[in-house]
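**Q** What would the 3D arrangement of this be:
(one chain, ligands or ions: 1)
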Amino acid sequence: MIILPAIDLKEGRCVRLEQGLMDKDTVYNDDPGAQARIWQDQGGELLHIVDLDGAFAGVPKNKDAIRSIVDAIDIPSELGGGIRDLATIEAYLDLGIDRVILGTVAKENPELVKDACERFPGRIVVGIDAKDGLVAVRGWADVTEKKATEMAKEMEGFGVEAIIYTDIARDGMMKGPNIEATKALAESINIPVIASGGLSSIEDIRRLMAVESSGVTGVIAGKAIYSGAIDLREAVALTKRGFNADQANHSLSRRQGWPGGQGGQLCRFARCR
Ligand code: AMZ
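**A** Just a heads-up that it's a prediction; the model follows:
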């Protein structure tokens, strides 16, 4: 299991929201590059970045902050929020982001996900943000009729690298992740699923590790690590116990041959090799 420390950007600063509501924000750092460095120094292996203003506006909004993060770290990163076309995907990949997360556009224009996967293989991840099992888009302001499970299947068919599954009701609430729903989703597809929303204790990580064989290969840590409820170093060490470094490094790549890693594709991140 990989722990992905999160940086959510609002007006150039690192914040955490509650249930995705922009007016329920807590600012944790004014310097995103410095925060990224902190997570790297504490053992973070893959940084999860969200341009919150971008997710609401439908266009990138925090480019300077994103550039400062990429310049500050050596570990790989993924970024979502406001990415709605191939040109924006390409621009972020050129900037040094390792993989992009598509949310709204994956629901509204799935063909674009297909094209993106063909053009940028291994570098497209889909974020499925769900409320009561239904997909939410545009900063989670609109809940659609689309079932998260249906969308995940469709996206798998297009060749996306992984699904990030966020339970909106839990995000930023520190009440524990929705392990059952995440596990069920992971069992229904053959690409890795990253759990997101609600992580609150090291015990939650143990519980997620117990369902890793169903394909839940990573978890996003936000408020829990900013608040100190989870020590990132300790959490990373826990996920490595009993695992060799190679398995751990590559547990976010495709699952063929998983969990042993034999026969599976190696992680495509250049910096991961
Ligand atoms: O907190 C929110 N309101 C929020 C959020 N964290 N809204 C969107 N997002 C994240 C998604 C995904 O990573 O979890 O933004 C990304 C999707 O953005 P878009 O613009 O593609 O829908």
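**Q** low-confidence ranges in this protein?
**A** 242-273 (pLDDT under 70).
**Q** So which residues of it form helices?
**A** Along the chain, counting by DSSP state H, helices occupy 32-41, 52-57, 63-72, 86-95, 104-108, 110-119, 148-158, 179-188, 202-209, 223-227, 232-240, 245-249.
**Q** For P5, name its beta-bridge partners.
**A** A221 (DSSP bridges).
**Q** how close does it sit to the ligand?
**A** 14 Å (Cβ to the nearest ligand atom, to the nearest Å). Just so you know, the C-beta spots here come from the backbone N, C-alpha and C atoms, and that holds for glycine as well.
**Q** didn't that residue look like it was pressed against A221?
**A** Yes - using Cβ atoms under 8 Å, P5 makes contact with A221 at a distance of 5.5 Å.
**Q** how near is A106 to R119?
**A** Separation of A106 from R119 (Cβ to Cβ, to the nearest Å) stands at 15 Å.
**Q** How about V126?
**A** 15 Å.
**Q** Same check on L47?
**A** Applying Cβ to Cβ, the value for L47 to R119 is 23 Å.
**Q** If you count surrounding residues, which of those two has more?
**A** L47 (24 against 13; other Cβ atoms under 10 Å).
**Q** and the closest residue to L47 other than its chain neighbours, what does it touch?
**A** Computed as Cβ to Cβ, 6 or more residues apart in numbering, the closest residue to L47 that is not its neighbour in sequence is S77, at 4.2 Å. If you count contacts by Cβ atoms under 8 Å, 6 or more residues apart in numbering, S77 has them with 36, 46-49, 69-70, 96-98.
**Q** same thing with I163?
**A** Taking Cβ under 8 Å, 6+ apart, we find I163 in contact with 125-128, 152, 155-156, 185, 189, 191-194.
**Q** Quick check: the residue of the stretch 51-200 of the chain nearest the ligand.
**A** Scanning the stretch 51-200 of the chain for proximity to the ligand using Cβ to the nearest ligand atom identifies G103 as nearest, at 2.7 Å.
**Q** which residues are in contact with both of P5 and A221?
**A** L232.
**Q** need the residues of the stretch 151-273 of the chain near the ligand, please.
**A** For the stretch 151-273 of the chain, the contact set with the ligand under Cβ under 6 Å from any ligand atom comprises T166.
**Q** mind redoing it with 8 Å?
**A** Residues of the stretch 151-273 of the chain lying near the ligand by Cβ under 8 Å from any ligand atom: 164, 166, 168, 171-172, 196.
**Q** ok, now which ones touch the closest residue to G222 other than its chain neighbours?
**A** Computed as Cβ to Cβ, 6+ apart, the closest residue to G222 that is not its neighbour in sequence is A6, at 4.3 Å. Neighbouring residues of A6 by Cβ under 8 Å, 6+ apart: 47-50, 220-222.
**Q** Pull up the gap between A6 and T149, please.
**A** In terms of Cβ to Cβ, A6 sits 24 Å off from T149.
**Q** who touches Q19 in this structure?
**A** So Q19 contacts 140, 168-169, 171-173 (Cβ under 8 Å, 6+ apart).
**Q** Apply 10 Å and report the result again.
**A** Contact partners of Q19, counting by Cβ atoms under 10 Å, 6 or more residues apart in numbering, are 131, 140, 167-173, 197.
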